[in-house]
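K.L.:
quick one: sequence and predicted model below, then my questions.
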Amino acid sequence: MDFDSAIPIESAAIEFLEGMVGKDGRLSLVSGDASFRRYYRVESDRGRYILMDAPPDKENSAPFVDLSRFLLGHGVAVPKVVKANLEQGYLLLDDLGDETFLVALRQGVSPQTLYALAVEVLLTIQSTPNDGSSIAHGRSYDRALMAREFALFTDWYLEGIRKQSITPADRSRFTAVFERIMDHLLSLPTVLVHRDYHCRNLMWQPGKEGRERVGVLDFQDAVMGPITYDLASLLRDCYVAWEAPFRQEISALWLSGAKKRLGYDPTPAQFKKDFDWMALQRNLKAIGIFGRLSLRDGKHGYLNDIPRTMTYVHQTLSDHPELDDLRALIEKYAP
């Protein structure tokens with residue numbers, strides 16, 4: 001196979017590919033991501049594919065294979081696994097292209113077009129049956145998981161990035177308000193949750209009018225969890241910010257579908273709390289993850305996304321006086 005000698009790829013990966021694409025294949029690095037996975041584009045006269053290289057000592061690729069099968073079976077456009085070697089950590093996937101929502105938006109594609117389709121795909125994901133036929137059905141977005149995610153904010157961002165030493169009394173105050181938020185979120189209806197449904201994981205696949213398609217990536221961590229999680233991920237995106245009128249427009253579109261397809265029909269005040277508190281939990285988690293990526297993994301670029309994400313946090317806290325304890329704590333340790 002032909003490939004750039006600067007590309008860091010093992011000979012075992014080349015051997016894995018040659019049985020599928022032949023020796024005339026061309027290999028180029030597409031990207032890495034926030035995990036230890038790397039992605040390569042493979043082009044040959046047999047087709048175009050993506051090679052996922054996920055070191056098995058750091059990444060378990062079995063959930064990706066399982067969820068790809070499940071979601072494809074329910075009409076969601078995710079990459080099909082063409083070939084897998086889980087022991088070595090190699091997956092050969094269908095290629096959904098290069099045009100993420102983030103790229104499409106920069107190229108002038110209508111946000112209304114993109115996000116209306118994203119809502120339809122999201123509702124399809126959320127409508128899939130909880131029948132035990134996917135690994136996600138046995139994984140719950142429970143209190144223990146939420147608590148670990150909240151701890152990312154205090155441990156990796158406040159103490160790690162901001163170099164703040166949280167007093168025992170204030171740590172107890174953080175815990176108390178996090179428990180209050182979790183009590184509410186865990187009372188919400190439960191659906192299949194993608195967990196990273198945002199502009200970098202949604203692929204724009206243009207076609208003739210009415211035949212456009214949205215591809216979905218990075219679904220391997222899916223769980224059963226709160227119904228507003230993925231909508232909050234989409235509209236309180238760490239990588240692109242939307243003004244309130246657009247968020248309200250897309251939320252209304254999702255709510256209309258959620259009433260018909262999911263039986264979720266909250267009052268406006270109930271929905272605001274369901275959405276905002278979920279977005280708050282996710283945004284605090286993301287800030288903590290960005291801190292960890294910098295301090296532990298040397299991936300410092302994600303720090304640039306913290307100001308946008310922290311703006312969401314402050315906006316949410318200002319709208320919910322019952323969370324004033326958390327606002328005071330954050331102003332103390334991250335003024």
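P.N.:
Here it is on my side, so go on.
K.L.:
give me the low-pLDDT residue ranges for the stretch 101-250 of the chain?
P.N.:
Across the stretch 101-250 of the chain, the ranges flagged by pLDDT under 70 are 208-210.
K.L.:
same thing but 80
P.N.:
Applying pLDDT under 80 to the stretch 101-250 of the chain flags residues 207-211.
K.L.:
can you give me the helices in it?
P.N.:
101-106, 111-126, 143-152, 168-185, 229-235, 244-262 (DSSP state H, counting those that start in this stretch).
K.L.:
in JSON lines, list those helices along with distance to Glu15 and mean neighbour count.
P.N.:
(C-beta placed from N, C-alpha, C; glycine too.) Below are these laid out as JSON lines (distance: least, CB to CB, whole Å; neighbours: other CB atoms under 10 Å):
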{"stretch": "helix 101-106", "distance to Glu15": "33", "mean neighbour count": "17"}
{"stretch": "helix 111-126", "distance to Glu15": "35", "mean neighbour count": "19"}
{"stretch": "helix 143-152", "distance to Glu15": "38", "mean neighbour count": "16"}
{"stretch": "helix 168-185", "distance to Glu15": "46", "mean neighbour count": "15"}
{"stretch": "helix 229-235", "distance to Glu15": "38", "mean neighbour count": "25"}
{"stretch": "helix 244-262", "distance to Glu15": "46", "mean neighbour count": "16"}
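K.L.:
and Leu234, what does it touch?
P.N.:
By CB atoms under 8 Å, 6 or more residues apart in numbering, the contact set of Leu234 is 115, 118-119, 122, 197-198, 250.
K.L.:
go again using 7 Å as the cut-off
P.N.:
Contacts for Leu234 (CB atoms under 7 Å, 6 or more residues apart in numbering) come out as 118, 197-198.
K.L.:
return the distance of stretch 246-255 from the chain's centre.
P.N.:
19 Å (CA atoms, centre = their mean, to the nearest Å).
K.L.:
an error on my part: the question was meant for stretch 90-105.
P.N.:
14 Å.
K.L.:
same question for stretch 265-277.
P.N.:
22 Å.
K.L.:
so which strand or helix has Thr309?
P.N.:
In this assignment (DSSP states H and E), Thr309 forms part of helix 306-319.
K.L.:
contacts for that helix?
P.N.:
With CB under 7 Å, 6+ apart, helix 306-319 has contacts from 236, 238, 241, 276, 279-280, 283-284, 286-287, 290, 323, 326-327, 330.
K.L.:
what comes up buried for that helix?
P.N.:
Residues of helix 306-319 classed as buried: 306, 309-310, 312-313, 316-317 (neighbour count, 16 or more other CB atoms under 10 Å).
K.L.:
possible to save those residues as JSON lines with distance to Phe219 and pLDDT?
P.N.:
Formatted as JSON lines, those follow (distance: CB to CB, whole Å; pLDDT from 0 to 100):
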{"residue": "Ile306", "distance to Phe219": "25", "pLDDT": "97"}
{"residue": "Thr309", "distance to Phe219": "22", "pLDDT": "97"}
{"residue": "Met310", "distance to Phe219": "27", "pLDDT": "97"}
{"residue": "Tyr312", "distance to Phe219": "23", "pLDDT": "97"}
{"residue": "Val313", "distance to Phe219": "26", "pLDDT": "98"}
{"residue": "Thr316", "distance to Phe219": "26", "pLDDT": "97"}
{"residue": "Leu317", "distance to Phe219": "30", "pLDDT": "98"}
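K.L.:
what is the neighbour count of the closest residue to Glu10 other than its chain neighbours?
P.N.:
Using CB to CB, 6 or more residues apart in numbering and skipping residues adjacent in sequence, the residue nearest Glu10 is Asp53, 8.0 Å away. Burial measure for Asp53: 22 neighbouring residues, criterion other CB atoms under 10 Å.
K.L.:
I figured Asp53 hits Ser31, correct?
P.N.:
No: here Asp53 lies out of contact with Ser31, judged by CB atoms under 7 Å, at a distance of 11.5 Å.
K.L.:
the contacts of helix 306-319 in helices, which ones?
P.N.:
276, 279-280, 283-284, 286-287, 290, 326-327, 330 (DSSP state H).
K.L.:
spit out the contact partners of the residue positioned nearest the centre of the chain.
P.N.:
Centroid-nearest residue in the chain, with CA atoms, centre = their mean: Asp196, separated by 0.9 Å. Asp196 is in contact with 218, 233, counting by CB under 7 Å, 6+ apart.
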